[in-house]
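Student: Give the three-dimensional model of this entry:
(chains A and B)
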Amino acid sequence: MAAEDKRSFLPSGALVRRLQVLGQPEEHWGRLLVMALVVGLASGAAAVLLRRLVHLAFHGLAPYRHGAVALLLPALGGLLGVLIVARVFREPAGHGVPEVIRAVCRGGGGMRKRAMFSRWLGSLVNVASGASAGLEGPTVYTGAAIGSTLGGWFGVDERRRSVLLAAGVAGGISGIFNAPMTGMIFAIEVVLAEWSAHTIVPLAIASVAGTELSRLLLGDRASFLHAPFEMGPRDLALCAVLGLLAGLVSVLFVKSTHLVHGLSDRLSKNRLVPVVLLGLVVGGIGLVSPDAIGEGYDVASAAIDDQLELSLGLCVVLLFGKLLASSLTLGSGTPGGIFAPSLVLGSLLGDTFARGLRAAFPGEQFAHPGSYALVGMAGLVAGVMQAPLTGIFLVLEVTRGYDVILPLMTVSVLALLVARRFDRYSIYNWELARRGELLRPGTDQRILTDIRVRDVLDAEVTPVSEDMPLEGFLRVLKLSRRNNFPVLRAGSEQYAGMVDVAATREVLLDPELVHVTLVGMIMSPTPQPVDADTTLSEAMEIFERDRVWVLPVTRQGRFVGLVSKSSLFDHYRRELNAQTGA
Amino acid sequence: MRARALAPAAHATLLEAVLERERLAATALGHGVAIPHPRQPRPDVVEAARLSVVFLDPPVDWAAIDRLPVHTAFLVLSPSTAVHLQLLSRIAYALREPGFDEFLLERPSKSELAQHLRAIHKDA
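Tutor: You can find the predicted model right below:
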């Protein structure tokens, strides 16, 4: 970011100075925790406000949701949501979680300030109108942007800015679910993918702040009230089957969303066309099956309470209707999240599974259908997001019950296994992985891509001209401890070759030859120079391929310095320490 | 001499290349000997190394490091740097042999010169 931009967006006066003092590089834990607290409160407030407004608007629109208006509402909401995100704020489509992960992987935790508002407003309009999507994705995006922006104001380095970005995610998710562990675990498992004290402590603080704020504003209540869990050994065994089914439904949901995404791209170059057309289809689904659209937590609650007054067949229809409506909403690129549809689908799957058991074995006693609905929710979160811990902790926290931990773990890990059998990457990560941008901190691939040759350039070298007689070169050699000397074309800065002192010792020690031989005669045209923007990864490949220890570096053909294998290793070690907090 | 076998068109090119090299730094080795050669190996002109010997009468001031006028010039043409350096190294080595410059002043024939050089390097 340009320095001018940074300055122009800073708040003025004493606050700026205070924030900048907080963000000094030598900050102690206390400073980072204060920052995480501020970020957690801000992102928690944004999340709670968004949820409250969406509920008010969704229920406020209920009287008008019939006939043609019902058909048109999701399309209009989607259109308006996309217009807000794409045209007003000029941001990319979708729920935004991949952009958050990308900011951590490749952006040094930097996000644009406008990201604090774009999806917040876009999803408010979209989900309130009946789109089959959740608020968690936009909450993640908004919270991340808040953390990143505050991190920018505090003047922290990239590593801490990424942590504060994740703190925003943790605060937002904690606030929206009233679930601090879930917020923290989601931010680590999905966003940062880094488990260390440097990440856990600030994220815990942000989660506590976001949750407490949510409790102050909305009251401390479990998101899903339920009958007590009682799942015996037989139910636990049946949960293994439910886990496999949850994995399959997750795969179906992810694949169909990708399919719709591809269809949307082919449908029209104008992004608004698929939004309107697919929004009309979602509206049509809503006319047939009203429970299939909207955020859907009412449906999930009903499933948990065994209050869905539907036959087994209609439950299956609702399950697939919801899956279709969610795929169409999310695949069309409207601003809405994956979290809520995953939870609702999971609850419907669990409920349908329980009904299926009762229908297949009429005389048998099974656990309450709501229990299956709850573990189904964890299964879908684990499968769709490939985040089993998030699924487990979410259900534990939103139900305030620990009794179900064994079925939860069983369903979550089996769903994850099935999902990974079909897709190596989660719905959040596949696009980043496809673009080669899923580079987690502390990994070889990340460090090797982060460091450029220019970062480890040795510019304190003495290049010699190819026309220099060796007797002149010997004088240079006497003043240096190097073994490799770059050679430039006569009268220019163009790289010509390299003199390896060890390989040319015989000529250099010949008293007569040094008078009549020019440097150009003893230089080698190899190794070929590398560009200053070459990544460490590419440079390492060249070192290995050419079996050399030093490479000349050029920028637009002009020689700028040398890079040695040993300095690369040294920089790699320092970067590894920086990224892993060692 | 063998250089006469070169294509006539190459003569002007070679002359310019040799003069260009001399402009950068004189190729006089001392002891009345110079080794004019192009800056770069010339695989486009010669397929194998060639050594042409020219006896100068009168000797020429070649800006030698020992300030002695040059009476014998070895024109070195090589297809590669390695061969070039090897040839130069052998001539320089021969010059260190006591009496070699006097031998050159006698203007030996091609075969005598070749035999003498072989003998020096055999002893090495």
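Student: host element of the residue most central in space within chain A?
Tutor: What sits nearest the mean C-alpha location of chain A, by Cα atoms, centre = their mean, is A:I101, with 1.9 Å. A:I101 is part of helix A:97-105 when elements are defined by DSSP states H and E.
Student: Now that helix: average pLDDT?
Tutor: The pLDDT scores in helix A:97-105 average 86.
Student: just stretch A:117-126 next, same as before
Tutor: Stretch A:117-126 comes out with an average pLDDT of 82.
Student: So which bits of chain B are right by chain A?
Tutor: Neighbours of chain A within chain B, by Cβ under 8 Å from any Cβ of the partner chain: B:21, B:24-25, B:27-30, B:35, B:39-40, B:65, B:81, B:84-85, B:88-89, B:92, B:95-96. From N, CA and C alone the C-beta is placed, and that goes for glycine too.
Student: In helices, which of the residues you listed fall?
Tutor: Members of these lying in helices (criterion: DSSP state H): B:21, B:24, B:81, B:84-85, B:88-89, B:92, B:95.
Student: And these, which is closest to chain A?
Tutor: Using Cβ to the nearest Cβ, B:A92 comes nearest to chain A of those, at 3.7 Å.
Student: so what's the nearest residue to the closest one once chain neighbours are set aside up against?
Tutor: Spatial nearest neighbour of B:A92, chain neighbours left out: A:E512 (3.7 Å); criterion: Cβ to Cβ, 6 or more residues apart in numbering or on different chains. With contacts defined as Cβ atoms under 8 Å, 6 or more residues apart in numbering or on different chains, A:E512 is in contact with B:29-30, B:92, B:95-96.
Student: same thing with A:L248?
Tutor: Going by Cβ under 8 Å, 6+ apart, A:L248 touches A:V418.
Student: what residues does the helix holding A:I101 touch?
Tutor: With contacts defined as Cβ under 8 Å, 6+ apart, helix A:97-105 is touched by A:92, A:109-111, A:115, A:137, A:140-141, A:144, A:148, A:162, A:165-166, A:169, A:190-192, A:337-338, A:428-429, A:431-432, A:437-441, A:446.
Student: again, 6 Å this time
Tutor: Contact with helix A:97-105 is made by A:111, A:137, A:140-141, A:144, A:162, A:428, A:431-432, A:437, A:439, as judged by Cβ atoms under 6 Å, 6 or more residues apart in numbering or on different chains.
Student: any idea which helix or strand comes after it?
Tutor: Note on helix A:97-105: by DSSP H and E, the next helix or strand toward the C-terminus is helix A:115-128.
Student: Could I get the buried residue list for that following helix?
Tutor: For helix A:115-128, a neighbour-count test (16 or more other Cβ atoms under 10 Å in any protein chain shown) marks A:115-128 as buried.
Student: Ok, stretch A:340-355 next?
Tutor: Judged by neighbour count using 16+ other Cβ under 10 Å, the buried positions of stretch A:340-355 are A:340-355.
Student: For chain A, what lies in contact range of chain B?
Tutor: Residues of chain A lying close to chain B by Cβ under 6 Å from any Cβ of the partner chain are A:467, A:469, A:507, A:510, A:512-513, A:515-516, A:521.
Student: any idea which of those residues is the one closest to chain B?
Tutor: For those, the minimum distance to chain B (Cβ to the nearest Cβ) is 3.7 Å, reached by A:E512.
Student: Whatever helix or strand A:F543 lives in - contacts with which helices or strands?
Tutor: Using DSSP H and E, A:F543 sits within helix A:536-546. When contacts are defined as 3 or more Cβ pairs under 6 Å, 6 or more residues apart in numbering or on different chains; DSSP states H and E, helix A:536-546 packs onto helix A:444-450.
Student: Check A:V411 and give its pLDDT.
Tutor: 94.
Student: what's near enough to touch it?
Tutor: By Cβ under 6 Å, 6+ apart, the residues touching A:V411 are A:239, A:242-243, A:246, A:375, A:378-379.
Student: Kindly recompute the last result at 8 Å.
Tutor: A:V411 sits next to A:239-240, A:242-243, A:246, A:375-376, A:378-379, A:382 when contact means Cβ under 8 Å, 6+ apart.
Student: Same check on A:V550?
Tutor: Taking Cβ under 8 Å, 6+ apart, we find A:V550 in contact with A:484, A:498, A:527, A:562-565.
Student: Run through the strands of the chain in chain order.
Tutor: In the absence of a named chain, this looks at chain A. For chain A, the strands defined by DSSP state E cover A:464-465, A:484-488, A:495-500, A:530-531, A:550-555, A:558-564.
Student: my bad, chain B
Tutor: For chain B, applying DSSP E gives strands covering B:28-30, B:33-34, B:50-60, B:70-77.
Student: In CSV, list those along with distance to A:N178, mean pLDDT and mean neighbour count.
Tutor: Output for the strands of chain B, formatted as CSV (distance: least, Cβ to Cβ, whole Å; pLDDT from 0 to 100; neighbours: other Cβ atoms under 10 Å in any protein chain shown):
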stretch, distance to A:N178, mean pLDDT, mean neighbour count
strand B:28-30, 91, 86, 24
strand B:33-34, 94, 91, 25
strand B:50-60, 91, 91, 14
strand B:70-77, 88, 92, 22
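Student: Please identify which of these is closest to A:G78.
Tutor: Ranking the strands of chain B by proximity to A:G78 (Cβ to Cβ) places strand B:70-77 first, at 79.2 Å.
Student: how far does the closest one sit from the chain's center?
Tutor: Centroid displacement of strand B:70-77 relative to its chain, using Cα atoms, centre = their mean, to the nearest Å, is 3 Å.
Student: what's in contact with that strand?
Tutor: Taking Cβ under 8 Å, 6+ apart as the rule, strand B:70-77 contacts B:3, B:14, B:18, B:28, B:32-38, B:42, B:45-46, B:49-57, B:59-62, B:64, B:84, B:87-88, B:91, B:101, B:104-105.
Student: Of the residues of chain B next to chain A, select the buried ones using a PyMOL command.
Tutor: Selecting only the buried entries of these in PyMOL, with 16+ other Cβ under 10 Å as the criterion:
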select buried, chain B and resi 21+24+25+27+28+29+30+35+39+40+81+84+85+88+89+92+95
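Student: domain parsing for chain A?
Tutor: Per the record, chain A has its domains at A:3-218, A:233-438, A:445-580, by automatic domain parsing.
Student: can I get the ones you listed in CSV with distance to B:S111?
Tutor: Output for those, formatted as CSV (distance: least, Cβ to Cβ, whole Å):
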stretch, distance to B:S111
domain A:3-218, 74
domain A:233-438, 69
domain A:445-580, 25
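Student: mind checking which of those is nearest B:K110?
Tutor: Short answer: domain A:445-580, nearest of the domains of chain A by Cβ to Cβ, at 22.9 Å.
Student: Mean confidence (pLDDT) on the closest one, please.
Tutor: Across domain A:445-580, the average pLDDT comes to 84.
Student: one step back: quick one: which of the contacts of A:E512 is nearest A:R52?
Tutor: B:A92 (91.9 Å).
Student: The closest one contacts A:H515, doesn't it?
Tutor: No - here B:A92 lies out of contact with A:H515, judged by Cβ atoms under 8 Å, at a distance of 9.1 Å.
Student: So which bits of stretch A:561-569 are buried?
Tutor: Using 16+ other Cβ under 10 Å as the test for burial, stretch A:561-569 gives A:561-564, A:568.
Student: Over to stretch A:49-66?
Tutor: The neighbour-count check on stretch A:49-66 (16+ other Cβ under 10 Å) flags A:50-51, A:53-55, A:57-58, A:61, A:65 as buried.
Student: Tell me the one of those residues nearest A:V453?
Tutor: After measuring these against A:V453 - Cβ to Cβ - the closest member comes out as A:L50, at 44.8 Å.
Student: Could you count how many residues lie near the closest residue to A:I173 other than its chain neighbours?
Tutor: Once flanking residues are discounted, A:I173 sits nearest to A:G183: 3.9 Å by Cβ to Cβ, 6+ apart. If you count neighbours by other Cβ atoms under 10 Å in any protein chain shown, A:G183 ends up with 41.
Student: A:G183 is in contact with A:A167, isn't it?
Tutor: No - taking Cβ under 8 Å as the definition, A:G183 is not a contact partner of A:A167, at 9.4 Å.
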